[in-house]
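>>> quick one: sequence plus predicted model below, questions after.
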Amino acid sequence: MNKTQWTPTGEVSGAGLGLRSNHYQHILDSKPDVPWFELLSDNYMSGGGLPIARAEAIRDLYPVTLHGVGMSLGSIDPLNLEYMKRLKLLVDRLEPVYVSDHIAWVSVDGKYTHDLLPLPYTLESKQVVVDRISQAQELLGRQILVENPSSYLAFNFSDMDEQVFLTEVVAESGCGILLDVNNVYVSSMNHGFSAEAYLMGLPKERVKEIHLAGYEQKGSYLFDTHGHRVHQPVWELYQKTLELFGAVPTLVEWDTDVPEFEVLQGEAQKAQFYLDKAR
Ligand SMILES: [Fe+2]
């Protein structure tokens, strides 16, 4: 397929929210003023039932994006065609503005883990990831976004740092970037690199969406739990990110100990304040 046809369906702008099951009813009843929602694609891929009916009801009210964890783009396993088929059906059904997954691997020999595992940043692994992304984009008939991971270990035999790896993957596959600012901060603290230098090395025109989330301090390292408000250093790095990349649509993620909807909405409104300033 001609890559110029890989254009998003519609658009999102401003600070959206991750859709969580305990907020469905509140959203459908009160239709809160939220510019868009991000849905976790893996929760809606069974093909029917209440989850997809709810997803369609939300999609009828708001623009949506789809974010997943199952493509396993960094695995040496071949791309799971059955998974991609179900994802394509979901994409056709919900018409999300963006479809995204991670620079990570979650499977080996067809066995899956729930964790997004890090990969060495070598020329060989880069080719694996580029091939998987290119195939995924062909199968979906559109560009995907890939998210930078948070990590707690690095490989001695990596040939390049993560920002160079991500930049080259994006250039060679034609995909976009879902820039998780919290992950950049967490990894920069865990590995001792400059978060700002990382951001400055990324291709501006490919950064299509931003994630924010809360981490946890665990003794000598930071752990990306998605169970807290966004911490102040991440808000500060977010402002620098907006200075570099402009008012990129931003999503606040909260996956564990999900609070009342208003708490989540408050975090999005804070992101919106910085987005308005950046404009
Ligand atoms: Fe994220």
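Structure's in. What do you need?
>>> secondary structure element for residue 234?
Applying DSSP states H and E as the criterion places residue 234 in helix 232-245.
>>> buried set for that helix?
By 16 or more other C-beta atoms under 10 Å, the buried positions in helix 232-245 come out as 234, 235, 237, 238, 241, 242, 245. (Glycine included, C-beta is placed from N, CA and C.)
>>> just the closest of those to the ion, please.
Nearest to the ion, judged by C-beta to the ion, of the buried residues of helix 232-245 is residue 234 at 11.7 Å.
>>> tell me the average confidence for the helix or strand just after the helix holding residue 234?
Where DSSP H and E defines the elements, the next helix or strand beyond helix 232-245 is strand 250-252. Across strand 250-252, the average pLDDT comes to 96.
>>> check whether strand 250-252 contacts the ion.
No: Strand 250-252 stays clear of the ion (C-beta under 5 Å from the ion), getting no nearer than 7.9 Å.
>>> give me the contact list for that strand.
The contact list for strand 250-252 (C-beta atoms under 8 Å, 6 or more residues apart in numbering) reads 14-18, 38, 65, 209-213, 230, 238, 264, 267-268, 271, 275.
>>> cool, and stretch 68-85?
Stretch 68-85 is contacted from outside by 40-42, 45, 87, 99-110, 112, 116-117, 119, 125, 128-129, 132-133, 135-136, 139-140, 146, using C-beta under 8 Å, 6+ apart.
>>> just the ones of these in helices?
The members of the contacts of stretch 68-85 that map onto helices under DSSP state H are 87, 125, 128, 129, 132, 133, 135, 136, 139, 140.
>>> quick revisit: which strands or helices does the helix holding residue 234 pack on?
helix 181-191, helix 195-200, strand 207-212, helix 261-278 (3 or more C-beta pairs under 8 Å, 6 or more residues apart in numbering; DSSP states H and E).
>>> right, so of those, which gets closest to the ion?
Among those, the nearest to the ion by C-beta to the ion is strand 207-212 (3.5 Å).
>>> please see if that closest one touches the ion.
Yes: counting by C-beta under 5 Å from the ion, the ion is contacted by strand 207-212 at residue 211.
>>> direction included, what does the helix or strand following that strand pair up with?
Next in sequence after strand 207-212, counting helices and strands by DSSP H and E, comes strand 216-218. According to DSSP bridges, strand 216-218 forms sheet pairs with strand 221-223 (antiparallel).
>>> how about the partner strand: buried residues?
Neighbour-count burial for strand 221-223 flags residue 222 (criterion: 16+ other C-beta under 10 Å).
>>> mean confidence for that strand?
On average, strand 221-223 scores 85.
>>> where does the protein dip in pLDDT?
For the chain, applying pLDDT under 70 flags the ranges 1-9.
>>> for it, what lies in contact range of the ion?
For the chain, the residues in contact with the ion (C-beta under 5 Å from the ion) are 180, 211.
>>> 8 Å instead, please
For the chain, the contact set with the ion under C-beta under 8 Å from the ion comprises 67, 102, 147, 178, 180, 182, 183, 211, 213, 226, 251, 253.
>>> from memory the third one sits against residue 213, does it?
Spelled out, that is residue 147. No: if you go by C-beta atoms under 8 Å, residue 147 and residue 213 don't touch, sitting 11.2 Å apart.
>>> so which of those two has more stuff around it?
residue 213 (27 against 21; other C-beta atoms under 10 Å).
>>> for the more buried one, phi and psi?
Residue 213 adopts backbone torsions of phi -160, psi 180, taken as degrees, to the nearest 10.
>>> contacting residues around it?
180, 182, 224, 226, 228, 230, 234, 252, 253, 254, 255.
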